[in-house]
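A.B. asks: build the 3D model from these lines:
(4 chains)
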There are 2 protein chains.
Amino acid sequence: MRPDDIPEIRTLDLFRNMSDESFGDLIRGAYVQTFPPQVQLITEGDYPDFLHIVLTGSVEMFASWNGRETSMATVRPISTFILAASIKDAPYLMSARTAEKSRVIMLPSMDVRAVFEVDNGFARAVVGELAQCYRAVVKTSKDLKLRTSIERLANYLLRSSHRAGGAAEFDLSIEKRRLASFLGMTPENLSRAIKALRPYGVEVEGPTVRIVDRDSLEGLAKPNPLIDDPST
Amino acid sequence: MRPDDIPEIRTLDLFRNMSDESFGDLIRGAYVQTFPPQVQLITEGDYPDFLHIVLTGSVEMFASWNGRETSMATVRPISTFILAASIKDAPYLMSARTAEKSRVIMLPSMDVRAVFEVDNGFARAVVGELAQCYRAVVKTSKDLKLRTSIERLANYLLRSSHRAGGAAEFDLSIEKRRLASFLGMTPENLSRAIKALRPYGVEVEGPTVRIVDRDSLEGLAKPNPLIDDPST
DNA sequence: CTGATCGCTTGACAAATATCAATCGTCCCC
DNA sequence: GGGGACGATTGATATTTGTCAAGCGATCAG
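C.D. replies: Numbers count the residues shown, from 1 in each chain, chains lettered A, B, ... in the order given. Alright, predicted model coming up:
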């Protein structure tokens, strides 16, 4: 691990309120690695060796069953993934692969569990992180069950715009076929859904999205903080 | 609260490893109430006043958007619900109503958060509970995205049978229209899906289900512990 | 007993979504 | 520069799923 990685990690919510000693125990066995795109980092069903933290790039979480595959989430810096499995020492429910070139910290799960047992500040921080993850999955579940595919796309675009600081023009930061899978549709249908949003002031050219008429799009999307606000 | 409720609660995973003092603080302001069926206990968007624990009966968690409603989960004894919102003091993402006559403990959220801050055993127990909830939602999300409606029904029936001790004959313990909503389909389609499972040895009469040919049903359902095993 | 209500079921139809096949464009490698 | 690979798009078609309307059967109140 590079020495200048350490202060950056130390300030994460998850590690901020733990003792120096515990933090030292955690990062002693840690290492940072840079992966090229499309490298599978973990496989569902395996037992967790490491708690992963994405420093740069992005990581796609996905799941498979019976020869089918679906994209579950994209993890962006700086966040952990697979915390629940690491703490419980339970098998991964999802696989992960780098979506682009990514720098990832890996903390041995054994150390994570050991520190969790002795450091009360860390234990409480884990609660915060897990609650956040739980609520995020509940939101995407509501998105999937309550909305049509076009409504999901419309809200996804509004969320993306918001993440880009409210910009009217921004880039889809993932491939369209992965976006399709994340939104629970086929790539073909995503193409058609994009066209269906043109009357609502959405212009898409390659990876670039321009929201020309936000009011119109919001009229269709009806964004709701209990589904679309990632911060609550 | 009735005195004989207390030891039962004390043995729950969530409360087993906390100090007597903390436990006393928690239940001091608690009360137990029995609700008739179809009483709405909490409403999404509200801030949590209480952490709820179902002692008997069952509670349906559901969510709404834009005039639509979907069933998210059924909480059965003895489990908590809305723990994440209580701990974070964040708005409920789901509403809850009693599905049948139910006895429910209500612990003031303020007390829960206060005890969480001081009792380390409780804080760690909260982690275990949250991780469990998180993984449960991930599983249902995979179920929804990777399976067709008939496959979801087939696996639901196998899980129900397993919960009934592996019995070939058991009762659907929820209304069919709620089951349909939970499985992400309409009541009409659930009816048709049930008929579609007849060639796989599934006989349904009213609320009673009989799995005549488990091998055949499993051949269709292809149950997978990373989706269908609630214990991992 | 009777009528009303309610959940479930069924059939006919409509809408949404997936699948298949072909094409287009871009990027990369030779 | 010329394939070739790959992702995106489009059109045609099939499948799945939802909607609407009607009817059935159980339950319950009067």
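A.B. asks: what pLDDT is listed against A:Thr232?
C.D. replies: Model confidence at A:Thr232, expressed as pLDDT, equals 85.
A.B. asks: who are the contact partners of the closest residue to it other than its chain neighbours?
C.D. replies: Beyond its immediate neighbours in the sequence, the residue positioned closest to A:Thr232 (CB to CB, 6 or more residues apart in numbering or on different chains) is B:Ala90, lying 5.5 Å away. C-beta: built from backbone N, CA, C; applies to glycine. Contact partners of B:Ala90, counting by CB atoms under 8 Å, 6 or more residues apart in numbering or on different chains, are A:131, A:135, A:232, B:47-48, B:84.
A.B. asks: show me which residues of chain A sit near DNA strand C.
C.D. replies: For chain A, the residues found near DNA strand C under the criterion CB under 7 Å from any atom of the strand are A:148-150, A:184-186, A:188-189.
A.B. asks: from the contacts of B:Ala90, pick the one nearest DNA strand C.
C.D. replies: Taking CB to the nearest atom of the strand as the measure, A:Arg135 is the one of those closest to DNA strand C, at 24.4 Å.
A.B. asks: per-residue pLDDT of the closest one, please?
C.D. replies: As predicted, A:Arg135 sits at a pLDDT of 98.
A.B. asks: does it touch A:Thr232 like I think?
C.D. replies: Yes. In this structure, A:Arg135 is within contact of A:Thr232 by CB atoms under 8 Å, at 7.5 Å.
A.B. asks: more neighbours: which of the two?
C.D. replies: The neighbour count for A:Arg135 versus A:Thr232, taken as other CB atoms under 10 Å in any protein chain shown, is higher for A:Arg135 (21 against 14).
A.B. asks: now the helix or strand hosting the more buried one: buried residues?
C.D. replies: Counting by DSSP states H and E, the element that carries A:Arg135 is helix A:120-146. In terms of neighbour count (16 or more other CB atoms under 10 Å in any protein chain shown), helix A:120-146 has its buried residues at A:120-135, A:137-146.
A.B. asks: ditto for stretch A:101-111
C.D. replies: A:102-109, A:111.
A.B. asks: distance between the lowest-mean-pLDDT helix or strand in chain A and the chain's centre?
C.D. replies: Ranked by mean pLDDT, DSSP states H and E, the weakest helix or strand in chain A is helix A:5-10, scoring a mean of 86. Per CA atoms, centre = their mean, to the nearest Å, the displacement of helix A:5-10 from the mean C-alpha position of its chain is 20 Å.
A.B. asks: report all helices and strands that it contacts.
C.D. replies: Contacts defined by 3 or more CB pairs under 8 Å, 6 or more residues apart in numbering or on different chains; DSSP states H and E place helix A:5-10 against helix A:20-28, strand A:50-56.
A.B. asks: packing partners of the helix or strand that the helix holding A:Arg135 is followed by?
C.D. replies: Tracing the chain past helix A:120-146, the next element assigned as helix or strand by DSSP H and E is helix A:149-163. If contacts are counted by 3+ CB pairs under 8 Å, 6+ apart, helix A:149-163 sits against helix A:120-146, helix A:187-196, strand A:208-211, helix A:214-221, helix A:225-228.
A.B. asks: between these, which gets nearest to DNA strand D?
C.D. replies: Evaluated with CB to the nearest atom of the strand, these place helix A:187-196 nearest to DNA strand D, the distance being 4.0 Å.
A.B. asks: off-centre distance for the closest one?
C.D. replies: The gap between the average C-alpha position of helix A:187-196 and the chain average comes to 23 Å, counting by CA atoms, centre = their mean.
A.B. asks: which SS class is the residue nearest to A:Thr232?
C.D. replies: Secondary structure assignment for B:Ala90 (DSSP: H, G, I helix; E, B strand; the rest coil): coil.
A.B. asks: ok, now which ones touch A:Asp25?
C.D. replies: A:111, A:114-115.
A.B. asks: that older thread, I'd like to know which of the buried residues of stretch A:101-111 are part of helices.
C.D. replies: Secondary structure from DSSP state H places A:109, A:111 of the buried residues of stretch A:101-111 in helices.
A.B. asks: save the buried residues of stretch A:101-111 as a markdown table, and put in pLDDT and distance to A:Arg68 too.
C.D. replies: Listed next are those as a markdown table, based on pLDDT from 0 to 100; distance: CB to CB, whole Å:
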| residue | pLDDT | distance to A:Arg68 |
| --- | --- | --- |
| A:Ser102 | 93 | 25 |
| A:Arg103 | 93 | 31 |
| A:Val104 | 95 | 27 |
| A:Ile105 | 95 | 31 |
| A:Met106 | 96 | 29 |
| A:Leu107 | 96 | 32 |
| A:Pro108 | 97 | 32 |
| A:Ser109 | 97 | 28 |
| A:Asp111 | 97 | 35 |
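A.B. asks: could you single out the nearest of the buried residues of stretch A:101-111 to A:Asp215?
C.D. replies: A:Ser102 (36.8 Å; CB to CB).
A.B. asks: got a pLDDT number for the residue positioned nearest the centre of chain A?
C.D. replies: Most central in chain A under CA atoms, centre = their mean is A:Val75, positioned 2.7 Å from the mean C-alpha point. Among the per-residue scores, A:Val75 holds a pLDDT of 96.
A.B. asks: could the helices and strands packed on helix A:149-163 go into a markdown table alongside distance to B:Ala196?
C.D. replies: Shown next, in a markdown table, are those (distance: least, CB to CB, whole Å):
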| stretch | distance to B:Ala196 |
| --- | --- |
| helix A:120-146 | 21 |
| helix A:187-196 | 24 |
| strand A:208-211 | 40 |
| helix A:214-221 | 34 |
| helix A:225-228 | 32 |
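A.B. asks: closest one to B:Pro7 among those?
C.D. replies: For B:Pro7, the closest of the helices and strands packed on helix A:149-163 is helix A:120-146, at 26.2 Å, according to CB to CB.
A.B. asks: and for chain A, the residue most distant from the center?
C.D. replies: Distance-from-mean max, chain A, by CA atoms, centre = their mean: A:Pro199 at 30.2 Å.
A.B. asks: please tell me how far that one sits from DNA strand C.
C.D. replies: Here A:Pro199 is placed at a distance of 14 Å from DNA strand C (CB to the nearest atom of the strand, to the nearest Å).
A.B. asks: excluding chain neighbours, give the residue nearest to that residue in space.
C.D. replies: Nearest-residue entry for A:Pro199: A:Ser216, 8.0 Å, with adjacent residues in sequence omitted and distances by CB to CB, 6+ apart.
A.B. asks: list the contacts for that neighbour?
C.D. replies: Residues near A:Ser216 by CB under 8 Å, 6+ apart: A:199-201.
A.B. asks: go through those and flag which are in helices.
C.D. replies: For the contacts of A:Ser216, membership in helices holds for none, with DSSP H as the criterion.
A.B. asks: now those as JSON lines including distance to B:Phe35 and pLDDT?
C.D. replies: Conversion of these to JSON lines gives the following (distance: CB to CB, whole Å; pLDDT from 0 to 100):
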{"residue": "A:Pro199", "distance to B:Phe35": "47", "pLDDT": "96"}
{"residue": "A:Tyr200", "distance to B:Phe35": "44", "pLDDT": "97"}
{"residue": "A:Gly201", "distance to B:Phe35": "47", "pLDDT": "95"}
